[in-house]
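J.: coords please:
(2 chains)
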Amino acid sequence: MQDKHKRLVVVDDEPDILEFLKVVLEDEGYAVVTSEKGEYLEQLHDSDLPDLILLDVLLSGKDGRQIAQYLKSQAETRHIPIIMFSAHPGIEDAARKAGAEDFLSKPFDIGDLLSKVAMHLVSI
Amino acid sequence: MSTDAMKNTSEDQIIDTFTQNEPLFRALIENTSDVIILCNIEGHIMYANSSIERLLGYAPDEICTLHSCELVHPDDRSSTREQFVALLEQPAESVTIQYRMRHKNGFWCWVEGTWKNLLADPAIQALVINIHDIADRKQAEEHQRLLNTISQMLVSSLDHDMALREIVSLLVPSLADYCRIAIIDDQQQISAIVANHIEPEKIALVRELYEQYKDLISSTFGLPTILKSGKPELISNVTSEIIAPVEQDNPTVGTIVRALGLQSYMGVPLLVRGKVIGAITFSSVQPHRYYTQDDLVFVQEIARRVALTLDHIRLYGNLQKELTERKRTEEALRLREEEHYRLGAIVESSNDAIVGKTLQGIITSWNQAAERLFGYPAQEAIGQHITLIIPTHLYSEEEEIIHKLRQGIHIKHFETVRRRKDGTYVEVSLSISPIKDSSGKIIGASKIARDITEQKELERRKDEFISMASHELKTPVTSIKGFTQLLLRRFQQRDDREALHFLSRMDAQLNKLVKLINDLLDISRMQTGQLEYRQEPFELDVLAQEVIENMRGMTQTHSLILENSEPVCVFGDRDRIGQILINLLTNAIKYSPHADKVLVQVGADGKNAVVRVQDFGIGIAPAYQKKIFERFYQVGEPEVKTYPGLGIGLYISKQIVERHHGRIEVQSRKGEGATFSVILPLLHEEK
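T.: The predicted structure follows:
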């Protein structure tokens, strides 16, 4: 088992998705912080930087890709792996271009999700 | 000489002269060509001069035994008698009458007699009758009368057949015993109209003469000769000498001619502007009727009038025909013009732009709708090249269109873009047909362009809607799936079999739901061209193996058997091809509920890689085999309708296959299952 005390941040504008993701990831042993708003990621402090970010592309009022771009442009957050997801499968390329390390299309299989998370945490 | 003697001399001289000259006067009377007859008060003939013999055939002494009445034609007796009686009352008066007198030979002569009542004259004491032979005059009168009647008949009837019949009836027996009018029609056929006054037995002979020997009758005279020569013929007296050569040529003819007792014959051509159109022949078997030159002249006149009339009738007929023809042509032209206007009106009033152009692409016609759609008025557009309205980047389209047109191919509902005068683009659907001339040669093209902007807009919105809808649908599905999987994990720990079972069913159904939504999304993206395809080499057999293995878990009823598998390498989007295989296998299972297997084959066939999926289900009738690949199409048969599905799987598969430069085919018969084949170009090792 990987280091279970890794911190994950999940951002999605759909609370139900946040809820089950939180449960699944916590079951797996991760520490999870969820937010419905993209701004949360823009206000991260050094003290609470996560080990991995799960980010929805379409957030009401905000484009997840822009946030990803921003995070990757900041020295402090550049190193954090971002996995983006969306119901639009075609958006994968755009998401990767914005800086995301990986992409999941919704609805996703939990097994897939967990293995990707594990994979990117290892590479830190 | 004494005076008395001189006085007496004149009177005496006269008496002397008379007494001395009595023989002279007698001689004069005797020898004058005029006929002089003396009748007594009772009408007996007392004296006739010798000329009587010439006129009536009687010698003077023969006639003196007769009563003048006997010599007069019965029809004339009453009128002559009247005159005679009246004259007796008027001494020294004279009267002139025309009447017929009987010739000794039995025939009647027309005469004009001048009777002078000199009964009271002591020297004469008789009626002096001076007679002229007016046969000629009478004949001339008769001829004139006949001509008039004939003219009347000809003028009053446009049916020349009937008129001719009437004419020949008129001429027989007064002029001839056998009269024949022969006409040559346009086809060079001779038709004849005949009247006769001959005994029936003789008529049979005549018929025979004409029917059997008409070409041989004579080389010297007869109808054929006249028709050929165009000259009149007259044989006043048909003698043995004349018949002899005929008899020599053809004894039978000679016999017939003799048997008929042909006495006199004449014939005249019917001439119209110098051309022979027929002939009239006259034959007389009566004794003592011999045709003369005068008669010939007379019948020539008849012929002239008949010919003229026939000509008129023919001309009239031709004129009628011409007029009818002309009317018909005019009518046809009028109809064609009407048609032309009607078509023109249809073209002008059409809502679709209709443009005509030559094969070189020059615009020849431009209707109102074209003016509205493209913004160019007709005067500006006609004469220009069609590239006027084609965006530069689509010029090659025009070449292709022309190429197809030259082969006589009609282009239907070709969607493309054209450019308006103001530079804006408009989306149109084109239907193009070749224009052919009357010999079938292609001389241009007719293009109908329909503005499909609205239609396209609607489609786009629909597709966008589908896209949005699928996106929206996926969001709650994501949650449901998430929680379902969460529960699965929890229950796995608790080892609650039943709960696990139920939850895994839920998960499976959610997967189906996701697939449906994805298919919908795919379709809309295919339309808008947003579907992306990866390009990479991969092994088709391996893919097939994977897909089959994945799907095995999903079906309890069917065995998925990979019958044949060869390693084949292709180039393209592995996931998409996999999507097709899943689609085909899903269909195979779905549409063969009573079967228990589905067969799959993977192999190479020449330059292509082929994957075949065979089921043993309800099959697809040939009529539907093309349509099932159409968007949203589902077979309408009631049995098939009971199967679930959106009708898009095959459409999507076809789009994907075609993007890979391959094809998808089906072989099937209703009730006998189906085999779907996916054919893709093989990846060459060099690549």
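
J.: what's around B:S504, how many residues?
T.: Other residues near B:S504 come to 14 when the count uses other C-beta atoms under 10 Å in any protein chain shown. The C-beta positions use only the backbone N, C-alpha and C, and glycine is treated the same way.

J.: any idea how far A:D112 is from it?
T.: B:S504 sits 17 Å away from A:D112, going by C-beta to C-beta, to the nearest Å.

J.: what about the helices in chain A?
T.: Assigned by DSSP state H, chain A shows helices spanning A:15-27, A:39-42, A:64-73, A:92-97, A:110-122.

J.: okay if I get the ones you listed as TSV plus mean neighbour count, mean pLDDT and distance to chain B?
T.: Below are the helices of chain A laid out as TSV (neighbours: other C-beta atoms under 10 Å in any protein chain shown; pLDDT from 0 to 100; distance: least, C-beta to the nearest C-beta, whole Å):
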stretch	mean neighbour count	mean pLDDT	distance to chain B
helix A:15-27	18	92	4
helix A:39-42	16	86	20
helix A:64-73	19	90	14
helix A:92-97	16	88	8
helix A:110-122	16	91	4
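
J.: mind putting those helices into CSV with distance to B:A445?
T.: Shown next, in CSV, are the helices of chain A (distance: least, C-beta to C-beta, whole Å):
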stretch, distance to B:A445
helix A:15-27, 58
helix A:39-42, 62
helix A:64-73, 50
helix A:92-97, 44
helix A:110-122, 57
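
J.: out of those, which comes closest to B:A140?
T.: The closest approach between B:A140 and any of the helices of chain A, judged by C-beta to C-beta, belongs to helix A:92-97 at 126.2 Å.

J.: ok now that closest one, how far from the chain's centre?
T.: Centre-to-centre, helix A:92-97 and its host chain are 14 Å apart (C-alpha atoms, centre = their mean, to the nearest Å).

J.: could you say what helices and strands the longest helix along chain B packs with?
T.: The single longest helix within chain B, with elements called by DSSP H, is helix B:293-349. Judged by 3 or more C-beta pairs under 8 Å, 6 or more residues apart in numbering or on different chains; DSSP states H and E, the packing partners of helix B:293-349 are helix B:135-156, helix B:160-171, strand B:233-235, strand B:264-272, strand B:275-284.

J.: so the helix or strand that that helix is followed by versus helix B:293-349, what angle?
T.: Heading C-terminal from helix B:293-349, the first helix or strand you meet, by DSSP states H and E, is strand B:353-358. Taking axes from the mean of the first three to the mean of the last three C-alpha atoms, to 10 degrees, one finds strand B:353-358 and helix B:293-349 inclined to each other by 120 degrees.

J.: direction included, what does strand B:353-358 pair up with?
T.: Strand B:353-358 has its sheet partners listed here by DSSP bridges as strand B:363-366 (antiparallel), strand B:442-451 (antiparallel).

J.: what separates whichever helix or strand comes after the last one from the chain centre, distance-wise?
T.: It stands for strand B:442-451. Per DSSP H and E, strand B:442-451 leads on to helix B:453-494 as the next helix or strand towards the C-terminus. Offset of helix B:453-494 from its chain centre (C-alpha atoms, centre = their mean): 71 Å.

J.: flag every buried residue along the next helix or strand after helix B:453-494.
T.: Next helix or strand after helix B:453-494 toward the C-terminus (DSSP H and E): helix B:497-527. Neighbour-count burial for helix B:497-527, counted by 16 or more other C-beta atoms under 10 Å in any protein chain shown, picks out B:500, B:503, B:506-507, B:510, B:513-514, B:516-527.

J.: skipping adjacent residues, who's closest to the residue nearest the centre of chain A in space?
T.: Centroid check for chain A by C-alpha atoms, centre = their mean gives A:L54 as the closest residue, at 1.0 Å. Nearest non-adjacent residue to A:L54, counting by C-beta to C-beta, 6 or more residues apart in numbering or on different chains: A:V10, 4.4 Å away.

J.: what number of residues lie near the one you found?
T.: 23.

J.: that one and A:Y30 touch, don't they?
T.: No. Taking C-beta atoms under 8 Å as the definition, A:V10 is not a contact partner of A:Y30, at 9.9 Å.

J.: quick one on the thing from earlier: what about the longest helix of chain B, distance to the chain center?
T.: A distance of 17 Å separates the centroid of the chain from that of helix B:293-349, by C-alpha atoms, centre = their mean.

J.: taking helix B:135-156 as reference, get the angle to it.
T.: Using the same axes, to 10 degrees: helix B:293-349 against helix B:135-156 is 10 degrees.

J.: with mean neighbour count added, can I get the helices and strands packed on helix B:293-349 in a markdown table?
T.: Shown next, in a markdown table, are the helices and strands packed on helix B:293-349 (neighbours: other C-beta atoms under 10 Å in any protein chain shown):
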| stretch | mean neighbour count |
| --- | --- |
| helix B:135-156 | 14 |
| helix B:160-171 | 18 |
| strand B:233-235 | 19 |
| strand B:264-272 | 23 |
| strand B:275-284 | 23 |
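
J.: I'd like these as CSV, with distance to B:T453 and mean pLDDT appended.
T.: Shown next, in CSV, are the helices and strands packed on helix B:293-349 (distance: least, C-beta to C-beta, whole Å; pLDDT from 0 to 100):
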stretch, distance to B:T453, mean pLDDT
helix B:135-156, 79, 82
helix B:160-171, 76, 80
strand B:233-235, 94, 83
strand B:264-272, 77, 88
strand B:275-284, 77, 87
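
J.: need the ones you listed in CSV (columns: distance to A:I80).
T.: Shown next, in CSV, are those (distance: least, C-beta to C-beta, whole Å):
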stretch, distance to A:I80
helix B:135-156, 126
helix B:160-171, 121
strand B:233-235, 138
strand B:264-272, 122
strand B:275-284, 121
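
J.: would a markdown table of those with distance to chain A be doable?
T.: Output for those, formatted as a markdown table (distance: least, C-beta to the nearest C-beta, whole Å):
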| stretch | distance to chain A |
| --- | --- |
| helix B:135-156 | 101 |
| helix B:160-171 | 96 |
| strand B:233-235 | 113 |
| strand B:264-272 | 97 |
| strand B:275-284 | 96 |
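
J.: nearest to B:D294, out of those?
T.: Among those, the nearest to B:D294 by C-beta to C-beta is helix B:135-156 (7.2 Å).

J.: OK, contacts around the residue nearest to A:L54?
T.: Neighbour list for A:V10: A:18, A:21-22, A:25, A:32-35, A:53-55 [criterion: C-beta atoms under 8 Å, 6 or more residues apart in numbering or on different chains].

J.: repeat that with 6 Å
T.: Residues counted as contacts of A:V10 (C-beta atoms under 6 Å, 6 or more residues apart in numbering or on different chains) are A:21, A:34, A:54.

J.: could you do B:A303 as well?
T.: So B:A303 contacts B:268, B:270, B:280 (C-beta under 6 Å, 6+ apart).

J.: ok, 8 Å please
T.: Counting by C-beta under 8 Å, 6+ apart, B:A303 has contacts B:268-271, B:279-280.

J.: determine which two of these are furthest apart.
T.: The two members of the contacts of B:A303 with the most space between them (C-beta to C-beta) are B:L271 and B:I280, at 11.4 Å.

J.: ok, back up a step: let's have the strands paired with strand B:353-358 in TSV, adding mean neighbour count, distance to A:A68 and mean pLDDT.
T.: Below are the strands paired with strand B:353-358 laid out as TSV (neighbours: other C-beta atoms under 10 Å in any protein chain shown; distance: least, C-beta to C-beta, whole Å; pLDDT from 0 to 100):
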stretch	mean neighbour count	distance to A:A68	mean pLDDT
strand B:363-366	20	55	93
strand B:442-451	19	43	90
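
J.: can you redo the ones you listed as TSV with distance to B:Q556?
T.: Listed next are these as TSV, based on distance: least, C-beta to C-beta, whole Å:
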stretch	distance to B:Q556
strand B:363-366	67
strand B:442-451	52
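
J.: and B:F107, which of these is closest to it?
T.: Comparing the strands paired with strand B:353-358 by C-beta to C-beta, strand B:442-451 comes nearest, at 85.8 Å.

J.: ok, and what's touching the closest one?
T.: Strand B:442-451 is contacted from outside by B:350, B:352-359, B:364, B:370, B:373, B:401-402, B:405-406, B:408, B:418, B:426-437, using C-beta under 8 Å, 6+ apart.
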